[in-house]
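Asker: could you work out the structure for the sequence below:
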Amino acid sequence: MPVHRSYAFVNNRGGTGKSFCLYQTAAAYAKANPDKKVLIMDCSSHGDVSQYLLGGTQEPLHDDPPASTAGSQVKYTIPFDKTMAGLLVKLLTEDRSHLSILERMSLLFIQQQNVTVPNHAVRVSEYSQDVQNIPENIYLCAGGKDLAFGGTCRVLFEERRPSTCSELANLTQEDQWINLGKALQDAINRLDNHWVVFFDTDAELRERSASYIALVAAERYITLFTDNWADYLRTHHDPVNALLPTLYFLRQKTEIGKICMVLFNKVEKYNQETSNLVDANGRESRTLPFSPVQASKRQIEEISDHLFKKCWASLEMDCKRFFEDSRSVQTATDFINKYISAFCKFPAIPTQISTVLGIPFACIDPKKHYRSENNTANIGPAGIETMRVIREILDAVVQRL
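Answerer: Predicted coordinates for the structure are as follows:
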């Protein structure tokens, strides 16, 4: 049987929390499903999810190699062929110096038959600190700056290697990255049913090659929003990277994944009681595992209603095709029930433990005082009740995957 599932966390707006939400969701999924192997493919040139998993944002633990954070320092010790850039280089084959760029891309189908994706990943628990308590079943193809203009470009361009993402975009055609995405998809689909894959992406979907590749390779998309109306509109109207027009363009070229979830992040929480979203006609729908403040709740409802009307009524792009099982959705209530989920703005102490020390929420001991290696100050404890609520919110999303 092919790979169990693959998900890409996407939005063309930076700051919605794609990397953080993927980090928490993938770790919670791995802990809840010890029989599955969770592969995180970090297709972000920032490498944030890799940084979290490999030690967090605390100061480096050693002097060498030079790095800004502990997670980045560990990432630099991972062999190149065990990174996302290394995997893409393998897909591009070892030696094509005599071929043109177009010829190198067109021959991808030959090389991908020889690529075994797990060979280009590391088991995170073997690189992380003991205090992180990372589940044994999480694997990582680390991301970072090599994805933007590093090893991948050395294979493609050699002496014409671009130094910026804009140069890279100018030197290539989108069809070439689509071909590479299909090759990666084929390689992933040769994994067995025990594997679940999560892709992280950058905001600049059409300007960052690895993120574009992830859009093609993933089976499902989890779209991140905040309760900010202006940010939401950028998914329609960003002049270069707008998510829905990008999906429309890709769908004209090839079969791609579909949106399975619209995840609102950083929602201000009023209290810990469950609450129901209401559609434009006043009908109650999706139950959230917490109660947002009224202003945030109303924004989620209005954005959800607009997204339904925009996508299901769009004759130009027929955007409802971008959503999984869209035929079962006839009303705004159906839309909210099927696709909408939410993460609250998580409390400061567990968030600090999770980001600074690289301990996912699912792995935090709620009674423990944590201490960073280079800081004598204690962090925490997070609190039993606080962590219970956080895990309920995480579980509500994980159970839908």
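
Asker: ok, the nearest residue to S72 once chain neighbours are set aside - how many residues close by?
Answerer: Nearest residue to S72 in three dimensions, chain neighbours excluded: Q51, at 5.5 Å (C-beta to C-beta, 6 or more residues apart in numbering). From N, CA and C alone the C-beta is placed, and that goes for glycine too. Number of residues near Q51 (other C-beta atoms under 10 Å) recorded here: 28.

Asker: return the distance of Q51 relative to I393.
Answerer: 23 Å (C-beta to C-beta, to the nearest Å).

Asker: packing partners of the helix or strand containing the residue nearest to S72?
Answerer: For Q51, the element it lies in under DSSP states H and E is helix 48-53. Applying 3 or more C-beta pairs under 8 Å, 6 or more residues apart in numbering; DSSP states H and E, we find helix 48-53 packed against helix 18-32, strand 37-42, helix 70-75, strand 138-141.

Asker: worst mean pLDDT among those?
Answerer: Lowest mean pLDDT within those: helix 70-75, at a mean of 93.

Asker: CA atoms only for it, dumped as CSV, please.
Answerer: C-alpha atoms of helix 70-75 as CSV (Å, rounded to 0.1, in the frame of the first residue of the first chain):
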residue,chain,number,x,y,z
ALA,A,70,21.2,25.4,19.3
GLY,A,71,18.8,23.9,16.7
SER,A,72,20.7,25.5,13.8
GLN,A,73,24.0,24.2,15.2
VAL,A,74,22.7,20.6,15.3
LYS,A,75,21.3,21.0,11.8
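
Asker: tell me the buried residues in it?
Answerer: 70-75 (16 or more other C-beta atoms under 10 Å).

Asker: can you list these in TSV and add distance to K18?
Answerer: Formatted as TSV, the buried residues of helix 70-75 follow (distance: C-beta to C-beta, whole Å):
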residue	distance to K18
A70	22
G71	17
S72	18
Q73	23
V74	21
K75	18
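
Asker: okay, the closest residue to G71 other than its chain neighbours: pLDDT?
Answerer: Leaving aside its sequence neighbours, G71 sits nearest to Q51 (C-beta to C-beta, 6+ apart; 3.5 Å). What the model reports as pLDDT for Q51 is 96.

Asker: ok, Q51 - contacts?
Answerer: Q51 makes contacts with 57, 69, 71-72, 75, 358, as judged by C-beta atoms under 8 Å, 6 or more residues apart in numbering.

Asker: returning to that earlier point: state the distance from the residue nearest to S72 to N179.
Answerer: For Q51 relative to N179 (C-beta to C-beta), the value is 30 Å.

Asker: over to P245?
Answerer: Distance from P245 to N179, by C-beta to C-beta: 21 Å.

Asker: of these two, give the one with the bigger neighbour count.
Answerer: Legend: neighbour count by other C-beta under 10 Å for P245 and N179, higher for N179 (23 against 20).

Asker: what about the more buried one, is that helix, strand or coil?
Answerer: helix (DSSP: H, G, I helix; E, B strand; the rest coil).

Asker: looking at the helices and strands packed on helix 48-53, spot the one closest to L191.
Answerer: Nearest of the helices and strands packed on helix 48-53 to L191, taken as C-beta to C-beta: strand 37-42 at 7.9 Å.

Asker: give me the sheet partners of the closest one and which way each runs.
Answerer: strand 138-141 (parallel), strand 195-200 (parallel) (DSSP bridges).

Asker: contact partners of the first one?
Answerer: With contact meaning C-beta under 8 Å, 6+ apart, strand 138-141 is reached by 26-27, 30, 37-42, 50, 53-54, 82-84, 86-87, 117-118, 120-125.

Asker: could you pull out the buried residues of whichever strand or helix holds R286?
Answerer: Assigned by DSSP H and E, R286 belongs to strand 284-288. By 16+ other C-beta under 10 Å, the buried positions in strand 284-288 come out as 285-286, 288.

Asker: quick one: which of the strands paired with strand 37-42 is nearest T16?
Answerer: Nearest to T16, of those and by C-beta to C-beta, is strand 195-200 at 12.2 Å.

Asker: returning to what we had before: pLDDT on the strand holding R286, on average?
Answerer: Model confidence over strand 284-288, given as mean pLDDT, is 86.

Asker: which other helices and strands contact the following helix or strand past it?
Answerer: Counting by DSSP H and E, the element after strand 284-288 in chain order, helix or strand, is strand 291-292. Secondary-structure packing of strand 291-292 (3+ C-beta pairs under 8 Å, 6+ apart): strand 269-271.

Asker: just checking, what's the longest strand in the protein?
Answerer: Looking across the chain with DSSP state E, the single longest strand is strand 258-267.

Asker: let's see that strand as CSV, backbone CA atoms only.
Answerer: Written as CSV, here are the backbone C-alpha positions of strand 258-267 (Å, rounded to 0.1, in the frame of the first residue of the first chain):
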residue,chain,number,x,y,z
LYS,A,258,-6.5,19.4,-2.1
ILE,A,259,-7.3,21.5,0.9
CYS,A,260,-8.4,19.2,3.7
MET,A,261,-8.4,21.8,6.6
VAL,A,262,-8.5,25.5,7.1
LEU,A,263,-6.7,26.1,10.4
PHE,A,264,-7.0,29.4,12.2
ASN,A,265,-4.0,30.0,14.4
LYS,A,266,-3.2,32.5,17.2
VAL,A,267,-6.9,32.9,18.0
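
Asker: what sits up against it?
Answerer: 7, 16-17, 20-21, 220-227, 292, 296, 300, 303-304, 307, 321-324, 326, 339-345, 397, 400.

Asker: could you tell me the angle between that strand and helix 18-32?
Answerer: If you take axes from the mean of the first three to the mean of the last three C-alpha atoms, to 10 degrees, strand 258-267 sits at 100 degrees to helix 18-32.

Asker: so strand 258-267 versus strand 284-288, what angle?
Answerer: 70 degrees.

Asker: quick one: the helices in the stretch 301-401 of the chain?
Answerer: In the stretch 301-401 of the chain, the segments counted as helices under DSSP state H, counting those that start in this stretch are 332-339, 348-357, 384-398.
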